[in-house]
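Asker: Fold the stuff below for me.
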Amino acid sequence: MTAKLYPSIDLRNGKVVRLIQGDYADQITYDVDPVSVARSFCDGGTSWIHIVDLDAARSGERLNTLVIAEVVEAVAGRASVQVGGGVRSLDDAAALADAGVTRVVMGSAAVADPSLVDVVADRVPVAVGLDHRAGVVAVHGWTEASELTVDAALSRFPAASAFVITDISRDGMLAGPDIEGLAAAVAATPTPVVASGGVGSLDDIAALSAIEGLGGIITGRALYEGRFTVAEAIARIGERTTA
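Answerer: Below you'll find the predicted structure:
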């Protein structure tokens, strides 16, 4: 399996932003249009785009659904769109599916009720988001620790089409991903694992793509700050997997 790149668009009030370690009070706002950004990602060769609806994640209000639908329309035939943030019910997932989203990401709701993933997966493919601190899954916008570890969670969601694993301590920090932890997760489940958090350089991309069987790599802030381009990242993945 060759890892796919998932360039990320985090949305708040229709704007492209980045939260540092998930802190809504520590936000970077980028002066870019989400649709234009998505098109530029496709121009770079990506086949997936990862979107996080931060308003839905925080309050449950789906303020960005129209923007998400516009992104889906703009990249139709070029890239699939995966969306997370506040997907707490079948209705939430169905609304995104109706907007053309290929896959939804469920986090807190999945941890609270694993059977909900089975229900939603009958409507639209589901990636289970496992956001963790030191291997313990956090829920409710990363404000609470659950009683579930990442290791235990990997066997609880047979209907999941992927796991999106985020090391909260690294998210938005550009300080490097948790290679060891991600490699262990990949080895522990046949379900594709998508890595999130900490990617700050092409060397990080290379290190992640060297994990045998890794399904994908999410990167956001590094792209917006010009540390590398989508095309450069995809090329580096190709170099590692064909070497």
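
Asker: quick one: buried residues of stretch 129-136?
Answerer: Under the neighbour-count criterion of 16 or more other CB atoms under 10 Å, stretch 129-136 has 129-132 buried. For the C-beta atoms, the positions are set from N, CA and C on the backbone; glycine is no exception.

Asker: so which of these comes closest to residue 48?
Answerer: Taking CB to CB as the measure, residue 48 lies nearest residue 129 of the buried residues of stretch 129-136, at 15.2 Å.

Asker: All the helices of the protein, residue numbers only.
Answerer: Applying DSSP state H to the chain gives helices spanning 34-43, 54-59, 65-75, 90-98, 108-112, 114-121, 150-153, 179-188, 202-209, 221-224, 230-242.

Asker: In JSON lines, list those helices along with mean neighbour count, distance to residue 84 and mean pLDDT.
Answerer: As requested, the helices of the chain are exported to JSON lines (neighbours: other CB atoms under 10 Å; distance: least, CB to CB, whole Å; pLDDT from 0 to 100):
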{"stretch": "helix 34-43", "mean neighbour count": "19", "distance to residue 84": "15", "mean pLDDT": "98"}
{"stretch": "helix 54-59", "mean neighbour count": "19", "distance to residue 84": "8", "mean pLDDT": "87"}
{"stretch": "helix 65-75", "mean neighbour count": "20", "distance to residue 84": "11", "mean pLDDT": "97"}
{"stretch": "helix 90-98", "mean neighbour count": "19", "distance to residue 84": "10", "mean pLDDT": "97"}
{"stretch": "helix 108-112", "mean neighbour count": "21", "distance to residue 84": "11", "mean pLDDT": "92"}
{"stretch": "helix 114-121", "mean neighbour count": "18", "distance to residue 84": "12", "mean pLDDT": "98"}
{"stretch": "helix 150-153", "mean neighbour count": "17", "distance to residue 84": "16", "mean pLDDT": "94"}
{"stretch": "helix 179-188", "mean neighbour count": "17", "distance to residue 84": "18", "mean pLDDT": "96"}
{"stretch": "helix 202-209", "mean neighbour count": "21", "distance to residue 84": "19", "mean pLDDT": "96"}
{"stretch": "helix 221-224", "mean neighbour count": "21", "distance to residue 84": "17", "mean pLDDT": "94"}
{"stretch": "helix 230-242", "mean neighbour count": "17", "distance to residue 84": "20", "mean pLDDT": "85"}
